[in-house]
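1. what follows is a predicted structure for the sequence shown.
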Amino acid sequence: MHLNYVWFPNDATFERLVASCPVLEDLKIDVLWNDGRVYRVQSRSLKRLRLLRSSSMVFDSVPGVVIDAPLLCYLRINDRVSETYIVNNLESNAKLDIHLDFGSEDFGETSVSWRSFLPAISKVMDLTICENNFKVIHHYSNLAPLPQFDNMSRLHVTLRVSELKWLPNFLECCPNLKSLIVAFNGDFEKMGSEEMNQISFLLGMTRIVDMTIFMYTSKVIRHYSLLEPLPQFGYMFGYMSHMHVTLSMSLIKWLPIFLESCPKLKSLVLVFLGSEKINQLSFSSVNPMCLLSSLQFVELDAQIMGFDEELLNLAKYFLENSSILQKITVHRNMHGSTYEGLISKFRRRSRLCQVILI
């Protein structure tokens, strides 16, 4: 059920509407003005809830939202005006995506609301939080201990590079985290070496199994390298089995450093964006450990034209140096049989490796 621009004469009307749908599983509510209502979502069948609530008045606020749905497994909230959120009986395998202001951008005014909200969501398995909420959670941690997110296995957080120093404190509350996605906001070009050193937060994530690195992160690493040499992490990602990296082709020379840090890596996805090219693609003759003992799946994708030669050279590198590679997938821009003819001539260290051209 999708309620879009619906007006209710009182709070009880909406509550009765939801209660009268005994098999309702998916509910989406869009409230684009301040109607002054308390939205009580009480359902024994609801599994997915998406709530968008905003107001044209910058400092407008309304009483709040109450959610009591024991089967709820997906909750997405984008709410700038509700002063309180009460969430009861949230499933331990729930996926939560939040963007909340609790009716004010002043943390002092919203700290009480966060004090009751954080424990209510601490059982979720999958959490996505925006930059503002991450900042608020950090400020809250200075006033009171954060709850333990013992069930959380996946975290997607948006922040600024200067805020990376706060991330390890939050990760300590997530002892069973397996997948971490960090997206960056801000102008990294204006950052000095002290702020760029916050990239050392990676040292606190040695048990991460699955990591996605976005294009912006790649640019941060490049800018960091202009200030001082990249750190040598050793076997920092000793538990990493899957890595998805978006980067420019000019950064590919640092690939062996990342791979050397992931001795148990099984799956690697490389997506190339941007127009920066390199004069010559070459790697050290010493192969990272994962190529010899663990890497099984590689996917290469250049989402712009003009990088066919680089993709072929990368495919050649993995085919000739990966001992147990099972499949390599190449998203080609070049049409015809040119790819097939060239790749068929490459030596394959793993005889069982399958080449997929898309």
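-> Structure's in. What do you need?

2. now do the strands in the stretch 101-250 of the chain.
-> Ranges of strands in the stretch 101-250 of the chain, per DSSP state E, counting those that start in this stretch, are 126-129, 154-160, 179-185, 210-213, 242-247.

3. quick check: which of those is nearest to residue 293?
-> Between residue 293 and the strands of the stretch 101-250 of the chain, the tightest spacing by CB to CB is seen for strand 242-247, at 15.8 Å. Placement of C-beta: from N, CA and C, glycine included.

4. after that closest one comes which helix or strand?
-> Using DSSP states H and E, the helix or strand that follows strand 242-247 in sequence is helix 255-260.

5. turn the strands of the stretch 101-250 of the chain into a markdown table, columns for mean neighbour count and distance to residue 91.
-> Below are those laid out as a markdown table (neighbours: other CB atoms under 10 Å; distance: least, CB to CB, whole Å):
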| stretch | mean neighbour count | distance to residue 91 |
| --- | --- | --- |
| strand 126-129 | 20 | 11 |
| strand 154-160 | 19 | 15 |
| strand 179-185 | 17 | 19 |
| strand 210-213 | 19 | 22 |
| strand 242-247 | 20 | 25 |
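
6. of these, which approaches residue 135 most closely?
-> It's strand 154-160; of those, that one is closest to residue 135 (CB to CB) at 7.6 Å.

7. what packs against the closest one?
-> Helices and strands touching strand 154-160, by 3 or more CB pairs under 8 Å, 6 or more residues apart in numbering; DSSP states H and E, are strand 126-129, helix 131-141, helix 167-171, strand 179-185.

8. so what secondary structure elements neighbour the second one?
-> This points to helix 131-141. The helices and strands touching helix 131-141, judged by 3+ CB pairs under 8 Å, 6+ apart, are strand 95-100, helix 107-121, strand 154-160, helix 167-171.

9. any chance of the ones you listed in a markdown table, plus mean pLDDT?
-> Shown next, in a markdown table, are the helices and strands packed on helix 131-141 (pLDDT from 0 to 100):
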| stretch | mean pLDDT |
| --- | --- |
| strand 95-100 | 92 |
| helix 107-121 | 77 |
| strand 154-160 | 89 |
| helix 167-171 | 88 |
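
10. figure out which of the ones you listed is closest to residue 52.
-> Closest among those, using CB to CB: strand 95-100, at 9.5 Å.
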